[in-house]
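> the sequence and its predicted three-dimensional model are supplied below.
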Amino acid sequence: MEKETSIILSGFGGQGTLFAGQLLTYAALDYDKHCTWIPSYGPEMRGGTAHCTVIISDQEIGSPLVRYPDAVIAMNLPSLDKYETRVRSGGVLIANSSLMNRDADRADIITLNIPGNEIAEELGNSRITNMIMLGALLEVMPVLPHEVLRAALEHHMPERNKKFLPLNFQALEAGANFAKEHLKQTA
C-alpha cells in the first residue's frame, strides 16, 4: 500500500523550523521518496512566525497544500493554538512544552508534550531544540528511519556548521529517547 504523510512544523523565526522541515525533505529525497517542502515566514524573519509543510510519499504528490496534517511539530504556544485542532484524527502532535502555558491534549491523536528547550540547554545549546523535536517525531511516527535523517544532516549541513554534527546527533537521540519513555509510560 502506498503511503503519504503530511507534516507541519511551526514556531518563531529563528527556532529552526524551516531548517528542520528542509532536513526532513532532504532525508526523504535521499531515501527515494517523493516529497514537497513549502516554507512560510513573516516579513520580520527572526522572532516572527515561521512554518513549513512537508509531504513525504511513496508516489507522486497531487497537491502540496495540507489542511489537516498527519503530524504537527508546534515549537511555541501560537503554533499549538493554531494547529492543534487541525491535526487529523489518529495523527501526532509534538509540542514544545518549554514555551507553552498549557499542554496539548486531544484524545483522538497521539500528543507528546516535550520540554525541548530544557533538553537542549541540558545538552549545551538552545539552538538544537528543532533536532530534539524531529527525533521525537520520528520515534512516534516513523515516516523515515532515524539513520536516514542523520545521514541527511551529515550530507546537507553547510560545511561551516559541520562541527555541530555530534551535538545535533545527540539532540535527535535525546528527542527519540524522551518519546520512547513517554510512549512506554502511556502504553
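Structure's in. What do you need?

> tell me what the longest helix seen in the chain is packed against?
What stands out as the longest helix in the chain, according to DSSP state H, is helix 165-186. Helices and strands touching helix 165-186, by 3 or more C-beta pairs under 8 Å, 6 or more residues apart in numbering; DSSP states H and E, are strand 110-114, helix 116-123, helix 129-140, helix 146-156. In short, each C-beta sits where N, CA and C put it, glycine included.

> where does the prediction get shaky in this structure?
1-2, 42-47, 184-187 (pLDDT under 70).

> picking that back up, just the helices and strands packed on helix 165-186: most buried one?
helix 129-140 (a mean of 28; mean count of other C-beta atoms under 10 Å).

> can you tell me the centre-most residue of the chain?
Residue closest to the average C-alpha location in the chain (C-alpha atoms, centre = their mean): L134, at 4.0 Å.

> please name the nearest non-neighbouring residue to that one.
The shortest distance from L134 to any non-neighbouring residue, by C-beta to C-beta, 6 or more residues apart in numbering, is to A20 (5.3 Å).

> surely the one you found touches M133?
Yes: look at A20 against M133 with C-beta atoms under 8 Å: they come within range, at 6.9 Å.

> what's the overlap in contacts for these two?
Here A20 and M133 have L9, I73 as joint contacts, going by C-beta atoms under 8 Å, 6 or more residues apart in numbering.

> start to end distance for stretch 111-131?
Distance across stretch 111-131, first residue to last, is 18 Å (C-alpha to C-alpha, to the nearest Å).

> who touches it?
9, 15-17, 19-20, 75, 92-100, 103-105, 132-133, 136, 140, 153, 164, 167-168, 170-172, 174-175, 178-179, 182.

> what's the spacing between the residue nearest to the centre of the chain and S6?
16 Å (C-beta to C-beta, to the nearest Å).

> same question, A28
Distance, A28 to S6, using C-beta to C-beta: 12 Å.

> find the residues that touch each one of the two.
With C-beta under 8 Å, 6+ apart, A28 and S6 have common neighbours V54.

> how much space separates L18 from M75?
Look at L18 and M75: by C-beta to C-beta, they are 11 Å apart.

> who's more crowded, these two?
Taking other C-beta atoms under 10 Å, L18 and M75 do not tie; M75 has more neighbours (28 against 20).

> what sits closest to the more buried one if chain neighbours are left out?
For M75, the closest residue by C-beta to C-beta, 6+ apart turns out to be G11, at 2.7 Å.
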